[in-house]
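[1] Prediction below, plus the sequence it came from.
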Amino acid sequence: MSKPAFSFEFFPAKTEQGQEKLLNTFDELNELSPAYFSVTYGAGGSTRGRTLDIVKALSVRSATEIAPHMSCIGDDKAEIGELLDLYKELGIRRLVALRGDLPSGQVGMGELPFAVDLVAFIREHSGDHFRIEVAAYPEMHPQARSFLFDVDNLVNKYKAGADAAITQFFYNADSYLYLRDTLEKRGIDTAAQPLVAGIMPITNSSNLIRFADSCGADIPRYIRKQLADFGDDRQAIREFGFDVVYRLCERLIAEGLPAIHFYSMNKIEPNKRLVEALGLLD
C-alpha cells in the first residue's frame, strides 16, 4: 500500500512575533518533507497583505511549494489577475481557489461570485501554470440546498479546471468515503483529480466546537461528550484527540486515501506526531 502525500495549512500571523513563530514552525514541519504548505486568506481579502507577506517569506525559505488561498467574492477580475501575475513572478505554482466570505457591509458579489468562476478565470488568465485545489464538503456546505446540489457544485469545479479538492475537516470517515464514491459515479476520476482529506487535530475543545459550528462540520456525539467530561484537562484532551484523529486517518489510509492536508493551526504538535505515528515519512 502506497503512503498518502501530506501537507499543512497555515494562517497569517497578526504580529511580527507571531510571524517569527510561524517561520520557526514552518522550519520544523518542513523537515518532514510535506508536499506543500497552504496559506489562508481572510474574508474579501482582509488578510491579503499578511498572506502575501508570509507567502513571500516562505517561498524563499525552502524549495517546498507554497499554495496561497485565493478568494473571489467581492473582488473584480483585474485585482485577481494582478495577484495571479504577482504569484507567477514569485514562482508560485499552486493555488487554493475559494469563494470566500463577503466582507461585512459590502453589497454585491463581484465579477466572480463563486469558486467555479474563479477556477475558470485562473485557467483563462494563466493556462496550466497553476495547480488548482478547491474546497469540498463531506457533510455538505452549510449554505447548500442539498447534498446532491453540493456535489454538483464540486463536479463543476473539477470540470472548470480544478486539479484536486481539499475537504472541510470531518471526524466521520464514512462521510469522506461516500463523497468520494459519489464523485466516481458522477464521472470524476479521483485517482487523477484527488479528493484530499482535510484533517483537524484536536487539542482544544472550545476552539474545535466553535470552528465546527461556524462551518457546519459535524462533531460526533461521543467526541463532544468525552471532551465535555475532560473539562479543563488539556493533557487528557490532547491524548484523546490524538487517538481519535489517528484512528480516522488509519482507516482512510486503509481505504486508499491519496493525501492528507493537516489544518495545523500554526502548531508543530500534534501535526508532527500524527505524521510520524501514521508512518507517512520516507
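    Looks like it came in fine. A quick note: this is a predicted structure, and the numbers were derived from the prediction, not measured.
[2] Now find how far off-centre stretch 88-103 is within its chain.
    Relative to its parent chain, stretch 88-103 has a centroid offset of 12 Å by C-alpha atoms, centre = their mean, to the nearest Å.
[3] try stretch 165-176
    For stretch 165-176, the distance to the chain centre is 11 Å (C-alpha atoms, centre = their mean).
[4] Contacts made by that stretch with the rest, please.
    With C-beta atoms under 8 Å, 6 or more residues apart in numbering as the test, stretch 165-176 has contacts from 96, 133-139, 154, 157-158, 179, 193-200, 211-212, 215-220, 223, 244-245, 248, 251-252, 255, 261, 263. (Glycine included, C-beta is placed from N, CA and C.)
[5] where does the stretch 1-150 of the chain dip in pLDDT?
    1, 42-47, 102-109 (pLDDT under 70).
[6] mind listing the helices for it?
    Along the stretch 1-150 of the chain, the segments classed as helices by DSSP state H, counting those that start in this stretch run 16-30, 48-59, 77-89, 115-126, 147-160.
[7] Okay, buried residues for the first one please.
    Across helix 16-30, burial judged by 16 or more other C-beta atoms under 10 Å covers Q19, L22, T25, F26, L29, N30.
[8] Check the gap between V116 and A67 for me.
    19 Å (C-beta to C-beta, to the nearest Å).
[9] Can you give me the end-to-end span of stretch 272-282?
    For stretch 272-282, the first-to-last residue distance is 14 Å (C-alpha to C-alpha, to the nearest Å).
[10] ugh, wrong one, I meant stretch 249-265
    18 Å.
[11] I'd like the distance from it to the chain centre, please.
    For stretch 249-265, the separation from the chain centroid amounts to 12 Å (computed by C-alpha atoms, centre = their mean).
[12] ok, and what's touching it?
    By C-beta under 8 Å, 6+ apart, the residues outside stretch 249-265 that reach it are 1, 3-11, 25, 29, 35, 38, 164, 166, 169, 173, 176-177, 190-191, 194-201, 203, 271, 274-275, 278, 280.
[13] Now which of these would you call buried?
    Buried residues within the contacts of stretch 249-265, counting neighbours by 16+ other C-beta under 10 Å: 4-11, 25, 29, 35, 38, 164, 166, 169, 173, 176-177, 190, 194-201, 203, 271, 274-275, 278, 280.
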